[in-house]
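> Got a predicted structure plus its sequence, pasted below:
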Amino acid sequence: MRATLLIALLLVASSLALIPSEIFAPVDGKITIPLKHGHYFDENGIPITNFLNAQFYGPITIGTPAQDFIVIFDTGSSNLWVPTKGCLSLACLDHPKYDPSKSSTYEANGTKIVIPYGKGNVAGTVGVETVNFGGYNVQGVDFGMMTQVSANFAATKAGGILGLAYQRISEDNLPPVFDLLVKQGLVQNATFSFFLTKNPGQEGSTLILGGYDPKFAKGDFKYYPLINETYYIIEVNDFGVGNQSLGNNQTLVGIVDTGTSLIVGSTALVNEILKIVPAKPDCKNISQYPTLYFTFGQDTYAIGPDYYILNELGSCLLGIMAMDNLPFNGFILGDVFIRNYYTIFDYGNQRVGFAPANQ
């Protein structure tokens with residue numbers, strides 16, 4: 001029963017929106033980016049809750065006076081949505097619901113919207129509101145007021161999703177909240193960063209808007225260019241287990257996605273990993289298993305078994321999952337990866353940066 005619950009939590013947190021295959025173009029050659037530092041803040045960021053290493057979520061408010069919501073800050077999608085008054089779906093019952101009649105800043109739009117996710121759809125209408133995101137009041141945000149939410153979202157602690165990817169993949173081409181925040185001059189730098197704690201329930205997970213905090217990093221950042229302005233998608237030059245390379249000179253890509261709990265890969269690639277790492281590991285001796293690694297440019301990023309094996313709720317699960325319908329050959333680098341590496345999402349310069357996380 002506990003294993004079933006943890007699997008449900010992991011699956012619903014894998015919120016990467018359905019991916020149109022036409023956005024992925026072939027990648028030729030190897031790309032390297034020299035080491036470069038970004039702007040950083042000393043201010044506190046947005047606190048993120050680590051629930052069982054399966055879900056990471058934090059607070060926003062919508063409307064005037066403010067209505068409080070807990071959302072997943074998701075770099076794998078671009079829309080903001082929350083349940084709204086009148087939603088009778090099972091997934092709406094235990095979450096706050098937005099009430100437009102109680103907000104003086106609400107503007108009607110009325111356009112119907114459906115957002116498909118890997119594990120179910122949400123549907124409703126578009127409204128326009130003021131959204132407080134990290135202490136910044138973002139004006140004129142088009143967001144989904146959802147009256148139908150897939151039952152697959154019932155297991156999540158968050159009541160909505162705030163997408164942080166690019167407008168090109170936004171449903172109905174609605175401007176993303178972070179894009180508006182930048183255009184309204186609320187932050188000087190079009191960047192944000194995620195630090196995710198190693199252990200479930202551990203305090204300290206943080207989202208910083210407009211920069212990063214060096215206290216979360218052990219070392220310098222290295223940056224890698226995005227292939228296009230859709231997801232945070234980069235070239236993966238190799239992957240492997242222990243000292244064994246498994247990339248076989250294939251053209252591979254990786255999407256860095258805070259809204260996916262696990263590392264998710266094309267089935268053929270994950271099957272290569274499973275020849276070395278068992279699908280059902282033994283949590284009594286995690287240290288027996290080898291290190292997993294990914295190579296970007298000339299740089300190798302290792303992930304130890306204490307990160308890629310999840311030992312929660314009395315269950316021992318491999319944090320690597322195959323997905324048959326990925327429209328690219330590669331991986332979704334979810335929270336299993338991001339807990340290892342403090343990550344800067346450089347929205348303005350179309351790149352991501354990694355430094356070892358100071359856990």
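Perfect, thanks for sending it. Note that this is a predicted model, so its numbers are computed, not measured. Numbers count the residues shown, from 1 in each chain.
> residue boundaries of the strands in the stretch 51-200 of the chain?
All strands of the stretch 51-200 of the chain, identified by DSSP state E, counting those that start in this stretch, fall at 55-62, 67-74, 80-83, 107-117, 120-133, 136-149, 160-163, 191-195.
> okay if I get these as a markdown table plus mean neighbour count and mean pLDDT?
Every residue, glycine included, has its C-beta placed from N, CA and C. Output for the strands of the stretch 51-200 of the chain, formatted as a markdown table (neighbours: other Cβ atoms under 10 Å; pLDDT from 0 to 100):
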| stretch | mean neighbour count | mean pLDDT |
| --- | --- | --- |
| strand 55-62 | 22 | 95 |
| strand 67-74 | 21 | 96 |
| strand 80-83 | 28 | 97 |
| strand 107-117 | 15 | 93 |
| strand 120-133 | 20 | 96 |
| strand 136-149 | 21 | 97 |
| strand 160-163 | 28 | 96 |
| strand 191-195 | 26 | 97 |
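> In TSV, list those along with distance to Thr206.
TSV is the format used below for the strands of the stretch 51-200 of the chain (distance: least, Cβ to Cβ, whole Å):
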stretch	distance to Thr206
strand 55-62	9
strand 67-74	11
strand 80-83	20
strand 107-117	25
strand 120-133	14
strand 136-149	16
strand 160-163	15
strand 191-195	5
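> Can you say which of the ones you listed is nearest to Thr291?
Ranking these by their distance to Thr291 (criterion: Cβ to Cβ) puts strand 191-195 first, at 21.5 Å.
> Which strands and helices lie in contact with the helix or strand just after the closest one?
Moving toward the C-terminus from strand 191-195, the next helix or strand (DSSP states H and E) is strand 206-209. For strand 206-209, the elements it packs on are strand 46-47, strand 191-195, judged by 3 or more Cβ pairs under 8 Å, 6 or more residues apart in numbering; DSSP states H and E.
> centre of the chain versus strand 206-209, how much separation?
13 Å (Cα atoms, centre = their mean, to the nearest Å).
> and the following helix or strand past it, what other elements does it pack with?
As assigned by DSSP H and E, the chain's next helix or strand after strand 206-209 is strand 222-225. The contact analysis (3+ Cβ pairs under 8 Å, 6+ apart) places strand 222-225 against strand 233-236, strand 351-356.
> Could you rerun that using 6 Å?
strand 351-356 (3 or more Cβ pairs under 6 Å, 6 or more residues apart in numbering; DSSP states H and E).
> if we can go back for a sec, what's the closest of the strands of the stretch 51-200 of the chain to Gly259?
Among the strands of the stretch 51-200 of the chain, strand 67-74 comes nearest to Gly259, with 3.2 Å by Cβ to Cβ.
> residues of stretch 309-324 that come out buried?
Using 16 or more other Cβ atoms under 10 Å as the test for burial, stretch 309-324 gives 309-313, 315-323.
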